[in-house]
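> Model the structure of this input:
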Amino acid sequence: MKRKLRMGMIGGGQGAFIGAAHRIAANLDGMIELVCGCFSSDPENSKKSGEALFLPAERIYHNYEDMILREKELPEGERMDFVSIVTPNHLHFAPAKMALENGFHVVVEKPMTFDLEEAEALRTTVGETGNLLCLTHTYSGYPMVKQAREMVRQGALGKIRKIVVQYPQGWLSRLSESEGNKQASWRTDPKRSGKSGAMGDIGTHAAHLAEYISGLRITELSADLTTFVDGRLLDDDGNVLLRFENGAKGVLVASQISAGEENALRICVYGEEGGLEWAQEDPNNLIIKMLDQPKQYLRTGNGYAAPWTLSSFATHNTRLPSGHPEGMLEAFANIYRNFAQTLSARIEGRVPAAESLDFPSVEDGVRGMAFIDSVVASSQSDSKWTKLG
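Numbers count the residues shown, from 1 in each chain. So this is what the prediction gives:
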């Protein structure tokens, strides 16, 4: 019987940015309902957060261990189906592992874990339990990112030669972590964020986008990380040369001290016959640049004739008619919806469509942690190239 999926949440209480974004995204298609949560390590904050979300008192928990074990004891028709983990990085692994081992599926923020060792252990747990893990690399949820991926996969650009991806932000141009900025505080703390700052936070998004669109894995890299702001404990800027498995070359830039920038993620992919360009701050447009042709724009929601017909992966993730902007929340929701469609199909004994299976998995999480490890090792090494993974 078809029904809504029941979601629990760990983290994301009052005062947290990303938890609200997850709840909006999960709710957008009406396929998921929030039924329980442990929203903070502070029991009073968790209680107030749950009450503000109209949850019954007995489904608001003081710690995630209690939540997972008590939810497991509930009847099958009441207990949560999956848990969304939206805590700082160092608190991803333990609840994700425990949830998987107790029969629950997992959605988790990126980077997936605190370090590569945890990521590999979590991959093992996913394999042993057979449960689903979805990693919220949000930008892969945009319709025109999916269109770009399909065009590359179908050979529209020819063999890929060059990938340039950049993610400049300016919000950490000052020592904001010393001024009471909660987001800056944990993201620049190596005990909570991990061994990298900007590269771990947004460089992983850029690397994932490069591999997702191109279909190619990064094999080697050469990195230069810098901490520009005095008193900061982790990198706030980085430049990386990339080598891909087919011989393509690339450049990745991730910076959180690019003063004046907001969230300017941008990628260009060039093949033998042409290139494409996509920018997160103008997400409805995919720019196509073919040899001996004028520059062309493909836009979300349009019924173009061949050869520019939008792929089923793009249309599956398009929510509005052409001309209506679709942004980050919609892209976020696409990841939740695809995960939900896959999980619902499993519950109902159906085979999910290929478009529904298109969400980042535990393998993407391991790739992300391997990328961070290799970038940091390369930046600290005198060697020119460091192998990834």
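> Assign a three-state SS to Val351, would you?
Three-state call for Val351 (DSSP: H, G, I helix; E, B strand; the rest coil): coil.
> For the residue nearest to it when sequence neighbours are not counted, give me its contacts.
Excluding the flanking residues, the one nearest Val351 by Cβ to Cβ, 6 or more residues apart in numbering is Ala345, at 6.6 Å. All C-beta spots, glycine's among them, are computed from the backbone N, C-alpha and C. Residues counted as contacts of Ala345 (Cβ atoms under 8 Å, 6 or more residues apart in numbering) are Val351, Pro352, Ser356.
> Next, format those residues as CSV and append distance to Ile335.
Converted to CSV, those look like this (distance: Cβ to Cβ, whole Å):
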residue, distance to Ile335
Val351, 20
Pro352, 14
Ser356, 11
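> quick one on the thing from earlier: please give the element, helix or strand, for the residue nearest to Val351.
Assigned by DSSP states H and E, Ala345 falls within helix 328-348.
> All the helices of the stretch 101-250 of the chain, in order from the start?
For the stretch 101-250 of the chain, helices defined by DSSP state H, counting those that start in this stretch occupy the ranges 116-129, 143-153, 182-187, 190-193, 198, 204-214.
> Tell me which of those lies nearest to Asp237.
helix 198 (6.0 Å; Cβ to Cβ).
> can you give me the helices in the stretch 251-389 of the chain?
Taking DSSP H, counting those that start in this stretch as the criterion, the stretch 251-389 of the chain carries its helices at 312-316, 328-348, 362-380.
> from the chain's centre, how far out does the last one sit?
In other words, helix 362-380. Chain-centre distance of helix 362-380: 15 Å, with Cα atoms, centre = their mean, to the nearest Å.
> what's the domain layout of the protein?
5-135, 141-322+368-380 (automatic domain parsing).
> Now do the first one, average pLDDT.
By that I understand domain 5-135. The average pLDDT for domain 5-135 rounds to 96.
> what about that domain, how long is it end to end?
Domain 5-135 has an end-to-end distance of 18 Å (Cα to Cα, to the nearest Å).
> check contacts around Glu355.
Ser312, Phe313, His316, Asn317, Asn338.
> Not including adjacent chain positions, what is the nearest residue to it?
His316 (4.1 Å).
> separation between the one you found and Leu329?
17 Å (Cβ to Cβ, to the nearest Å).
> Comparing the two, which shows the higher neighbour count?
More neighbours surround His316 than the other of His316 and Leu329, with 18 against 14 (other Cβ atoms under 10 Å).
> quick one, what contacts Val229?
For Val229, the contact set (Cβ under 8 Å, 6+ apart) comprises Leu172, Ser173, Arg174, Leu175, Asp236, Ile257.
> which among the residues you listed end up buried?
Leu172, Ser173, Asp236, Ile257 (16 or more other Cβ atoms under 10 Å).
> Check the residues you listed and tell me the two furthest apart.
Ser173 and Asp236 (8.4 Å).
> what sits in contact with each of these two?
In contact with both Ser173 and Asp236: Val229, Gln256, Ile257, using Cβ under 8 Å, 6+ apart.
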